[in-house]
Structure formats: C-alpha cells, structure tokens
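Undergrad: can't give you the sequence, but here's the structure:
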C-alpha cells in the first residue's frame, strides 16, 4: 500500500494529494467501516473527527431524514480537491467505468450514519470487496 500511495506512476500523479499523507494510512482510518459491528444495537451514529469544534446543539442531526442513504455529510464540492478524480486512479478501467471523475467527495470530519441502512446495503462487505480489488491489483 505504501508503494501505491507514495510511488504512483500515473501520468497525472500529484505528490501533494491528501491521500498520500502518512496520517491517512493509519489502520484507525478504516475503523469507520466497522461502525455497525462496533455498535450493533444502535440505528444511527454521529461520527465526528477529533479536530471538530461544536458550537451548538447537534440533536437535529439525529432526526435528519437521510432518504434511504447510509451517510449524511458535508459536501465539499466548492474545492476541486474533493472531486473523485483527485482521489481515484481513473486509468484503472474498473474505476473509470464505475465512477464519475467530477463527482464530489465529502468531508469526513462529521458524518451521520444510518446503521440500519448500512446493514441492509451491506456496506462493510462492499468495502471489503473494494479493498480486495486494490490488494489484488497491487500484488
């Protein structure tokens, strides 16, 4: 994985990309993909990074209708950095046919997760599938 993140040979490689920062390689960054297993009795979780400053009551987020979506998050399309073409390797045909390079990412700093919907859509297994695809490609 280190070779993939730090020595990418893509023609459009940008050494300043956020995902190349070692702090994002921590195994703890993957912990969020196991929230339904960590909290099996909860139906929602508000996930807040440690650098977030809360200045008012967040209770309204608990009642937010996610309309069947697993994740409610702050959209960050205002910055070109958060578009998928800055995160994903679109030279891989699987990536290029699955994702829109101009689609927006989101800020991981604060997310409301519908764990019931997460379980219904089996998101952790989807995550495992993508991890395996990356691992197979690197090996």
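TA: It's in. All figures in this text were calculated on a predicted structure; none of them were measured in a lab.

Undergrad: Pairing partners for the helix or strand containing residue 111, with directions?
TA: Taking DSSP states H and E as the criterion, residue 111 maps to strand 106-114. When pairing is defined by DSSP bridges, strand 106-114 lines up against strand 44-48 (antiparallel), strand 71-75 (antiparallel).

Undergrad: okay, the ones you listed, which one's buried deepest?
TA: strand 44-48 (a mean of 16; mean count of other Cβ atoms under 10 Å). (Each C-beta comes from the backbone N, C-alpha and C, glycine too.)

Undergrad: Other residues contacting that one?
TA: Outside strand 44-48, the residues within contact range by Cβ atoms under 8 Å, 6 or more residues apart in numbering are 32, 35, 39, 54, 58, 61-62, 109-116.

Undergrad: which of these tops the neighbour count?
TA: For the contacts of strand 44-48, the largest number of neighbours (other Cβ atoms under 10 Å) sits with residue 113, at 24 neighbours.

Undergrad: Helices of this protein, start to end?
TA: With DSSP state H, the ranges of helices along the chain come out as 2-6, 35-38, 59-62, 93-98, 115-121, 123-138.

Undergrad: Using JSON lines, lay out those helices together with mean pLDDT and distance to residue 28.
TA: Below are the helices of the chain laid out as JSON lines (pLDDT from 0 to 100; distance: least, Cβ to Cβ, whole Å):
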{"stretch": "helix 2-6", "mean pLDDT": "52", "distance to residue 28": "16"}
{"stretch": "helix 35-38", "mean pLDDT": "94", "distance to residue 28": "12"}
{"stretch": "helix 59-62", "mean pLDDT": "90", "distance to residue 28": "23"}
{"stretch": "helix 93-98", "mean pLDDT": "85", "distance to residue 28": "25"}
{"stretch": "helix 115-121", "mean pLDDT": "96", "distance to residue 28": "19"}
{"stretch": "helix 123-138", "mean pLDDT": "84", "distance to residue 28": "15"}
